[in-house]
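J.: Please work out how this folds:
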Amino acid sequence: MPKDPSRFRSPFRCPGTLPRRAFLRSGLAAATGLSLSNLLRATARAGSDGSGVTSDKAMIVLWLWGGASHMETFDLKPEAPLEYRGDFRPISTNVPGVEISEHLPLLAALADKLAIVRSLSHDSPGHVSSTHTLLSGYPGEPIESPPFQPKHPDLWSVTSHVLGERRSGLPAHVALPRIRYNGPAYLGGGLEPMIVSADPNADSFQVANLELNTVTRDRFSQRMELLSQFDHLRRGIDARGVMSSMDVFDQKAVAMLTGSAARDAFDLGREDPRTRDRYGRHTVGQQCLLARRLVEAGVRLVTVDFPCVPGQKAFSWDDHASVWNIFEQMKIRLPVLDQIVSALVRDIYDRGLQNDVMLVVMGEMSHTPRLSNHEGQPGREHWGRSMSVLLSGGGMLMGQVVGSTNSTGEEPQTRPLAPNDLLATWYKYLGIPVDLHVNDYAGRPTPVVPHGKPIDELV
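T.: Next up is the predicted model:
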C-alpha cells in the first residue's frame with residue numbers, strides 16, 4: 001500500500017492513471033481515511049492454524065511495565081530483617097489469613113474476588129528477556145539487542161491467530177497503548193493490535209480511524225460500489241490469490257466504519273460521570289474504564305500499559321535505587337493502582353462478567369527482596385526469581401493465595417510456578433488447546449506452551 005494514501009484523495013486526479021492494484025487498495029483507504037494494516041490486521045489471519053477453535057472469553061491485562069516489587073504490593077515480609085522488609089506494612093483483607101500492602105485498602109476489601117499467585121519464578125534478567133519469557137513461554141535472550149522482538153509468538157498473537165475477533169465489527173486486540181517487546185514472531189504479520197495512543201482522560205479524546213472524516217456517507221457508498229465493480233476483474237487477474245487478504249481488510253473496515261459497535265464502545269461519554277470518577281480522572285483510570293467497555297462490547301483482548309500518574313517522578317515500576325526513592329514513588333503510585341483495579345473488579349462482578357472476562361495485573365518481573373542504596377536513596381533491582389501476579393474473574397476460584405515465598409521473599413517456598421504454567425492457565429481459560437503447535441520459520445510444528453500445565457488451584 002502506498003505510504004501516503006491521502007495523495008490519491010484529490011478530486012482532480014484521475015484514478016485511471018494509477019496502477020490497478022494501487023487504485024483498488026487506495027479506494028477504500030481514501031474513502032475512509034484510515035490505515036487498514038494498523039486497524040484490522042489483528043483479525044485477518046484468524047483461524048489460519050486450522051484448529052477450528054471458538055471461544056467467547058475475554059481478557060484484560062494491566063501491565064505494570066518495569067516490574068512491580070512483590071515486597072511492596074502482594075507479598076510483604078513484616079518479620080524479615082529491615083534491609084528486606086522496607087517501609088510498608090501489610091493489612092488484613094476480607095479473606096482470613098490473606099494480607100496485602102497497607103496502600104491497597106480498596107483491594108483488601110475485595111480479596112474474595114481476587115487470586116494472588118505469589119510463587120511465580122523465572123531467571124531472565126532484563127525487561128526485554130523477561131517480557132519474552134513470560135509472554136511466549138520460551139526463555140528470552142540474555143543479551144538484549146534491537147529490535148527486541150521475541151523469537152516465539154506471544155500470548156496475544158497466538159490468541160488473535162487462533163481465535164480472531166470475538167464480535168463482528170470489533171478488533172480482536174486493542175492496546176492502550178502498545179505493550180513493549182512483544183510480537184507474533186513466525187506467525188507472521190497481521191496480528192498486531194489496534195493501538196490507541198490518545199489519552200481517554202482528555203476532553204478532546206477521539207479514536208482515529210473510526211470515522212469517515214471528510215467523506216460523506218453517500219460518497220463512501222459510491223466508492224464501495226465502484227470497488228465492487230472492480231472485484232470481478234481483480235479476482236480474474238489475481239489467480240494466485242496474492243490479494244485475497246485485502247478482501248478481509250476491506251470487509252472488516254467497512255463493517256467497522258458503517259456500524260456503531262466500535263464507536264459506541266470507545267465513547268466514554270456514555271458512562272455515568274460517577275463511574276468515571278470511581279476509576280479516576282487520570283489517563284490510566286480512563287484507560288481501564290475503556291478496557292471494561294471494550295470487553296463488554298465484544299473485544300477479546302485489551303492490554304493497558306500503566307503510565308505515569310500525577311505527581312510521580314517514575315515513568316515505570318522499575319524502582320532502582322539509582323533513579324528514585326522506591327517508597328516515595330510507591331506512595332504515589334499504589335493508591336492509583338488500588339483505585340483502578342478495585343473499580344475494574346467491582347465492574348466485572350457487578351455486571352455479571354466474571355465468568356467471561358479475566359483481569360490480570362502483573363509486570364515482566366519483580367525487584368530484589370533485599371533493598372539497595374544509592375547515596376542514601378533506597379530502591380530495588382531486577383529480580384524474577386520470585387514475583388506476584390493478581391487475577392480476578394475468568395470463572396476461576398477466587399479468594400485465595402497460590403504458592404508462597406521464603407521468609408525474605410527471595411525464592412518460592414511452596415508451589416513453585418513457571419511462566420509456562422501461567423500461560424497454560426490463560427490458554428485453557430481462553431479455550432485454546434494447551435498442546436497446540438504452530439509452524440515455525442522452518443515449517444516445523446512448535447508448541448505454543450513448551451512445558452507446564454494449568455494451575456489446578458485456579459481452574
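J.: Does Val61 belong to a helix, a strand or coil?
T.: Each residue gets one of three states, and Val61 gets strand by DSSP: H, G, I helix; E, B strand; the rest coil.
J.: how deep is it tucked in, by neighbour count?
T.: Other residues near Val61 come to 21 when the count uses other C-beta atoms under 10 Å. Every C-beta, even on glycine, is put in place using the N, C-alpha and C of the backbone.
J.: Report pLDDT for Arg13.
T.: Residue-level confidence at Arg13 comes out at 34, pLDDT.
J.: One more: Ala261?
T.: The predicted structure scores Ala261 at 86 on the pLDDT scale.
J.: Run through the residues that contact it.
T.: By C-beta atoms under 8 Å, 6 or more residues apart in numbering, the contact set of Ala261 is 167-170, 297-298.
J.: Just name whatever secondary elements the biggest helix by length in the chain is in contact with.
T.: Ranked by number of residues, the top helix in the chain under DSSP state H is helix 326-350. Helix 326-350 is packed against strand 58-63, helix 105-108, helix 273-279, helix 283-297, strand 357-362, strand 377-379, strand 387-393, with contacts defined by 3 or more C-beta pairs under 8 Å, 6 or more residues apart in numbering; DSSP states H and E.
J.: now the third one: mean pLDDT?
T.: Averaged across helix 273-279, pLDDT comes to 98.
J.: picking that back up, among the contacts of Ala261, who's most crowded?
T.: Using other C-beta under 10 Å as the neighbour test, those are led by Leu170, with 24 neighbours.
J.: Might you report the residue contacts of that one?
T.: The neighbours of Leu170, taking C-beta under 8 Å, 6+ apart as the test, are 256, 261-262, 265, 294, 297-299.
J.: relative to strand 357-362, how tilted is the host helix or strand of Val117?
T.: Using DSSP states H and E, Val117 sits in strand 115-120. In this structure, strand 115-120 runs at an angle of 40 degrees to strand 357-362, with axes from the mean of the first three to the mean of the last three C-alpha atoms, to 10 degrees as the basis.
J.: quick check: angle from strand 115-120 to strand 387-393?
T.: In this structure, strand 115-120 runs at an angle of 160 degrees to strand 387-393, with the same axes, to 10 degrees as the basis.
J.: immediately after strand 115-120, which helix or strand?
T.: Stepping forward along the backbone from strand 115-120, the first helix or strand reached (DSSP H and E) is helix 127-136.
J.: I'd like the mean pLDDT over that following helix, please.
T.: Looking at helix 127-136 alone, the average pLDDT works out to 97.
J.: Using CSV, write out the CA atom coordinates for it.
T.: Backbone C-alpha positions of helix 127-136 (Å, rounded to 0.1, in the frame of the first residue of the first chain) are rendered in CSV as follows:
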residue,chain,number,x,y,z
HIS,A,127,13.0,-6.2,30.8
VAL,A,128,13.1,-7.5,27.2
SER,A,129,14.1,-11.0,28.1
SER,A,130,11.6,-11.2,31.0
THR,A,131,8.8,-10.0,28.7
HIS,A,132,9.6,-12.6,26.1
THR,A,133,9.9,-15.3,28.8
LEU,A,134,6.5,-14.5,30.4
LEU,A,135,4.5,-13.9,27.2
SER,A,136,5.9,-16.6,24.9
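J.: Between strand 58-63 and it, find me the angle.
T.: Between the axis of helix 127-136 and that of strand 58-63 there is an angle of 160 degrees, by the same axes, to 10 degrees.
J.: and the spatially closest residue to Asn355 that is not a sequence neighbour, how many neighbours does it have?
T.: The spatially closest residue to Asn355, leaving aside those adjacent along the chain, is Gly395, at 4.2 Å (C-beta to C-beta, 6 or more residues apart in numbering). Under the neighbour criterion other C-beta under 10 Å, Gly395 is assigned a count of 14.
J.: Need the pLDDT of Gly395.
T.: For Gly395, pLDDT reads 98.
J.: Assign it to helix, strand or coil.
T.: The local conformation at Gly395, judged by three-state DSSP, is coil.
J.: Let me know the distance separating it from Ala108.
T.: 23 Å (C-beta to C-beta, to the nearest Å).
J.: for Asp338, same thing?
T.: Relative to Ala108, Asp338 is positioned 9 Å away (criterion: C-beta to C-beta).
J.: Any chance of JSON lines for the contacts of Ala261, columns pLDDT and distance to Gly376?
T.: As requested, the contacts of Ala261 are arranged in JSON lines below (pLDDT from 0 to 100; distance: C-beta to C-beta, whole Å):
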{"residue": "Arg167", "pLDDT": "93", "distance to Gly376": "54"}
{"residue": "Ser168", "pLDDT": "87", "distance to Gly376": "58"}
{"residue": "Gly169", "pLDDT": "85", "distance to Gly376": "56"}
{"residue": "Leu170", "pLDDT": "92", "distance to Gly376": "51"}
{"residue": "Ala297", "pLDDT": "97", "distance to Gly376": "50"}
{"residue": "Gly298", "pLDDT": "97", "distance to Gly376": "52"}
